[in-house]
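Undergrad: okay, here's the prediction I keep looking at, along with the sequence it came from:
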Amino acid sequence: MAVHSTGETRQRNPLARLGERLTKSVTQLEADELKEDSVRMGCTPMNELVDREVATVSGTVRAITLRPRVTVPALVVDLYDGSRTINLVWLGRRTIGGVEPGRYLRATGRVTYTRGVPTIFNPAYEIVPPRAH
């Protein structure tokens, strides 16, 4: 819906929406859907995260990496919400059941920027069922 200066709301022209969909790439359409899902779930868009603030983010798991260390392993999940990627890092974990590429997650924790990339260490998380997002 569009809000006009008179305060009235109108439905967007369906042909205009179709035109937008026809001119965008599949990647951009998927990113737009992820952004809409994130906002609908009440999450902070990843391109708006503030350093050292607690945030709830959601998105699709793009990659999972195990960083083996001599003392403590670290499981790193790249989560994408259509605007940016964030690293979710679980220290001392090698796997997390159900977390795999393509899954949709919601995670909460304190954001820190590591080498310019937003990161949450040991976040609280939930796997969101496909129909819920």
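TA: Perfect, I can see it now. Owing to the predicted nature of the structure, the values given are computational and were not obtained by experimental measurement. Numbers count the residues shown, from 1 in each chain.

Undergrad: can you tell me how far the closest residue to Met46 other than its chain neighbours is from Pro129?
TA: With CB to CB, 6 or more residues apart in numbering as the criterion, Met46 has its nearest non-adjacent residue at 3.9 Å, and that residue is Arg84. For glycine as for every other residue, the C-beta is placed from the backbone atoms N, C-alpha and C. Arg84 is 24 Å from Pro129, where distance means CB to CB, to the nearest Å.

Undergrad: how close does the residue nearest to Met46 get to Thr60?
TA: Distance, Arg84 to Thr60, by CB to CB: 12 Å.

Undergrad: if we can go back for a sec, looking at Arg84 and Pro129 now, which is surrounded by more residues?
TA: Set side by side, Arg84 and Pro129 show more neighbours around Arg84, with 16 against 9, by other CB atoms under 10 Å.

Undergrad: what sits against the more buried one?
TA: When contacts are counted by CB atoms under 8 Å, 6 or more residues apart in numbering, Arg84 touches 45-47, 118.

Undergrad: just the helices from the chain, written as ranges.
TA: With DSSP state H as the criterion, the chain has helices at 14-23, 26-40.

Undergrad: weakest of those by average pLDDT?
TA: Comparing mean pLDDT over the helices of the chain, the weakest stretch is helix 14-23, at a mean of 60.

Undergrad: for this protein, longest strand please?
TA: Using DSSP state E to define each element, the chain has its longest strand at strand 54-67.

Undergrad: what are the buried residues along that strand?
TA: Buried residues in strand 54-67, defined by neighbour count with 16 or more other CB atoms under 10 Å: 55-61, 64.

Undergrad: as CSV, those with pLDDT and distance to Val70 would be great.
TA: Below are these laid out as CSV (pLDDT from 0 to 100; distance: CB to CB, whole Å):
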residue, pLDDT, distance to Val70
Ala55, 97, 31
Thr56, 97, 33
Val57, 96, 31
Ser58, 94, 34
Gly59, 93, 31
Thr60, 93, 32
Val61, 96, 27
Ile64, 97, 21
